[in-house]
Structures are given as C-alpha cells and as structure tokens.
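**Student:** Below are the sequence and a predicted model; questions follow.
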Amino acid sequence: MPQIVRERPQVGAFFDMDKTLIAENSASLFMRYRYQRGEIGNIDLLKGLGAYLQYKLGILDIRSWTVGMMAQFAGQSEVALEREALGWVDQMVVGTIYPEAARLVAEHQARGDIVAIVSGATRFVVRPIAQRLGIEHMVYTRLEVEGGAFTGRVIEPICFEEGKIYWLQQFIEEQRLDLAKSYFYTDSITDLPLLEIVGHPVATNPDPLLYRTAVRRRWPVRFFEPPVASPQPS
C-alpha cells in the first residue's frame, strides 16, 4: 500500500509595516510628499496631521478616513498611480527602513519561513517596500479598479484590526501555515487580535499601550535603532 505523505504546515512570519519595518508613518509621508509637490494646501496638510494624531490616540474612525482618502483617486489610472507611488516610495520611504528589521526578515527567510507584510496601506505603498526587502507576500487594503482606473471605492473590509485577520486568514489557508509556530511583529495595540492568534507575538517598537500589554503577558519586546540617515526630500 503506497505511503501517504502529508504536506507539513509551514511557519509564517508576519510584519506590520509602519513603525515596524519602516521608522515613519507612510500616510503622513505621502501627505508631506503631496504638499511639497503643490497637490494639497496647508489646510489639507493640517487635516492629515490631525488624523494621524487621532489615530495615535485611538479615536480615529479608520474605515471612514480610508474611504474618504481613497475617493480622491476616482478616475485615476492604476498604472499612473503605481508609477507615482514608486517614485515617492523611493524618494521618501525606502530610506526609513529599519536595518534591524531587514536583518530579521532575512533571518526568517533563511529558515524557510513564509514572510509577509500585513499592512493597512495599499499595495502601491506596500509592494515597493516588499521588493526592497525581498518579501514575496503581502496583505493590504485593496482598491476597486474598473477598466484600468480607480472607482474611488475600497474593497471591504479594509486591512485594519479585524479586517487584517479577515485577509490574513485567507493567506494562512492558501499557504497552509501553522499559526502555533508563526510570528507576528507590530508596533500597535490595534494589532492585538493578530498578536493573540500566533504562537510568537513580538511587540516591535511598541506604542505605550502595546508595551504595557506585552510586559503583562510576557511577550518579547524589541526596539530597533532608527536608520542612520533618512532621505531629505527635495
């Protein structure tokens, strides 16, 4: 009787992006980029700063904010936005990658783990960072496209809190990952649901609430040294 060989589940290593892989908040950097190009004014910049402060305080309605932000891209070419985002990421974001994060990604890859970025950002931001780090897999907020142009709508749910679990669960099933042996790295208390479903939660550059939670639960805590020099946009 032929022996049945069962495929062994693999280990996943999931990384949040903002303040985990990179030292900045990508949405804030994008607002600054658009301001420097004259695409938005002082009021819009202040609104963006206000939204970031609300997010840090845990009082921002992320879904409403994301839906409102993405509506501005209605009718824009997907190819054009991808090209613009690539230039912006190269100019302002790549230089903020934590060297220790890059080394940690490489260590997981060397062990044969399935590494993925899990972020509330869109693929136009996530993919260039993933490419720089040699990461193949990404879980992100998805935008609706029809005929090569954005409709301005977000494909629900957005990749945040429970929405992250929704999209990540599909990835886990596709890759046959063993959650009990998998890792999740994040800086934010908003990712607590994800930290609780993996066997190896790691608070990485944690915000105060996550730090206290990690200490109480005796989770590992890691603080990365910032990049030596962040790029100075022209």
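**Tutor:** Received, thanks.

**Student:** Could you check the pLDDT of the residue positioned nearest the centre of the chain?
**Tutor:** Centroid check for the chain by CA atoms, centre = their mean gives residue 119 as the closest residue, at 2.4 Å. According to the prediction, residue 119 has pLDDT 93.

**Student:** Shouldn't it be within a strand?
**Tutor:** Yes: counting by DSSP: H, G, I helix; E, B strand; the rest coil, residue 119 falls inside a strand.

**Student:** May I have the residues that are in contact with the closest residue in space to it that isn't next to it in sequence?
**Tutor:** Take residue 119 and drop its neighbours on the chain: the residue closest to it by CB to CB, 6 or more residues apart in numbering is residue 17, 3.9 Å away. Yep, even glycine has a C-beta here, placed from its N, CA and C like the rest. Taking CB atoms under 8 Å, 6 or more residues apart in numbering, we find residue 17 in contact with 26, 117-119, 121, 125-126, 129.

**Student:** what's the answer for residue 20, then?
**Tutor:** 98, 101, 185-187, 204-205.

**Student:** let's go with 7 Å and repeat that
**Tutor:** 101, 185-187, 204-205 (CB atoms under 7 Å, 6 or more residues apart in numbering).

**Student:** Then residue 209?
**Tutor:** Counted by CB under 7 Å, 6+ apart, residue 209 has contacts residue 189.

**Student:** Using PDB, write out every CA atom in the host helix or strand of it.
**Tutor:** Assigned by DSSP states H and E, residue 209 belongs to helix 208-217. Taking Å, rounded to 0.1, in the frame of the first residue of the first chain, the C-alpha atoms of helix 208-217 are listed here in PDB:
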ATOM      1  CA  PRO A 208       2.700  52.600  25.200                       C
ATOM      2  CA  LEU A 209      -0.500  50.500  25.300                       C
ATOM      3  CA  LEU A 210       1.100  47.600  23.400                       C
ATOM      4  CA  TYR A 211       4.300  47.900  25.600                       C
ATOM      5  CA  ARG A 212       2.300  47.500  28.800                       C
ATOM      6  CA  THR A 213       0.300  44.600  27.300                       C
ATOM      7  CA  ALA A 214       3.400  42.900  26.200                       C
ATOM      8  CA  VAL A 215       5.100  43.200  29.600                       C
ATOM      9  CA  ARG A 216       2.000  42.000  31.300                       C
ATOM     10  CA  ARG A 217       1.700  38.900  29.000                       C
END
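
**Student:** list the buried ones in it?
**Tutor:** Residues 210-211, 213-214 are the ones in helix 208-217 that count as buried (16 or more other CB atoms under 10 Å).

**Student:** And the residue nearest to residue 119, how close does it get to residue 135?
**Tutor:** According to CB to CB, to the nearest Å, residue 17 stands 10 Å off from residue 135.

**Student:** between the two, what contacts are shared?
**Tutor:** Common neighbours of residue 17 and residue 135 (CB under 7 Å, 6+ apart) are residue 117.

**Student:** from the contacts of residue 17, which would you call buried?
**Tutor:** Here, 16+ other CB under 10 Å leaves 26, 117-119, 121, 125-126, 129 buried among the contacts of residue 17.

**Student:** from those residues, which is closest to residue 9?
**Tutor:** Of all the buried ones among the contacts of residue 17, residue 9 sits closest to residue 118, with 18.3 Å by CB to CB.

**Student:** After the worst-scoring helix or strand of the chain on mean pLDDT, which helix or strand is next?
**Tutor:** Sorting the helices and strands of the chain by mean pLDDT, DSSP states H and E puts helix 42-57 at the bottom, at a mean of 65. Next in sequence after helix 42-57, counting helices and strands by DSSP H and E, comes helix 62-71.

**Student:** So what touches that following helix?
**Tutor:** In contact with helix 62-71 (CB under 7 Å, 6+ apart) are residues 51, 141, 143, 152, 154, 158, 160.
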